[in-house]
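J.: Got a sequence here, can you model it:
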Amino acid sequence: MAASAGPVICTRQALAGLEARGRGRVRAEAGVACAKVARFAARHDLVGGEFLAGIPGTVGGALAMNAGAWGGETWPHVEAVETIDRGGVRRERVADDFRFGYRSVEGPAGEWFLAARFVFDPGDGTAARERIREPCWPSARGRSRWARRAAARCSATRPAITPRA
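T.: Next up, the predicted model:
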């Protein structure tokens with residue numbers, strides 16, 4: 001095993017907490033799958049987080065890069081985050097402590113995300129669950145018009161793959 005220049009944070013089977021915090025708020029730890037957050041919010045009759053179902057990663061990764069899908073992005077729904085630094089000091093920071101843009105996030109140096117508090121709108125959870133169930137696949141035959149349009153957007157924005165020589 002190689003020596004480490006600093007602390008090692010093992011997240012295996014950790015950072016998996018997910019809870020409703022009332023008034024449209026959801027707290028999700030960094031190891032929770034984004035799709036799980038989307039389904040959880042919809043089950044609690046919250047809307048606006050359906051796009052998270054299209055992100056194939058975790059909350060921590062989504063926070064680090066302002067991940068998005070289906071026209072939505074992570075940071076517009078973030079109220080606050082919990083971070084940790086190399087010394088093990090934990091902080092709660094508000095979203096205004098960070099600058100975000102298309103697939104980029106700038107914030108305090110030397111800190112890593114542990115959790116986020118998201119804010120979603122109260123609404124029709126059943127409709128949100130239906131939108132989540134309509135995946136963005138290129139072969140959306142037989143699916144709703146919304147899913148076919150989503151599939152068209154996915155294939156239209158997917159970069160071309162150049163074969164190796």
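J.: rest of the way, CA atoms for contacts and neighbours
T.: OK.
J.: Between the two ends of stretch 68-81, how far is it?
T.: 18 Å (Cα to Cα, to the nearest Å).
J.: I meant stretch 68-75, not that one.
T.: End-to-end for stretch 68-75, by Cα to Cα: 9 Å.
J.: repeat for stretch 105-125
T.: When the termini of stretch 105-125 are compared using Cα to Cα, they are 30 Å apart.
J.: Return the set of buried residues in that stretch.
T.: Buried residues in stretch 105-125, defined by neighbour count with 16 or more other Cα atoms under 10 Å: 105, 111-120, 122, 125.
J.: so where do the helices sit in this structure?
T.: For the chain, the helices defined by DSSP state H cover 34-43, 59-65, 125-133, 145-157.
J.: I'd like the average pLDDT over the third one.
T.: For helix 125-133, mean pLDDT rounds to 93.
J.: Could you do the first one as well?
T.: Throughout helix 34-43, pLDDT has a mean value of 97.
J.: So which elements touch that helix?
T.: helix 125-133 (3 or more Cα pairs under 8 Å, 6 or more residues apart in numbering; DSSP states H and E).
J.: coming back round to it: kindly indicate which of the buried residues of stretch 105-125 lies nearest Arg25.
T.: Val119 (4.6 Å; Cα to Cα).
J.: which ones are touching the closest one?
T.: By Cα atoms under 8 Å, 6 or more residues apart in numbering, the residues touching Val119 are 24-26, 77-79.
J.: Kindly recompute the last result at 10 Å.
T.: 21-27, 41, 46-49, 76-80 (Cα atoms under 10 Å, 6 or more residues apart in numbering).
J.: quick one: which two of the buried residues of stretch 105-125 are the most distant?
T.: Among those, Glu111 and Gly125 lie farthest apart (Cα to Cα), at 34.4 Å.
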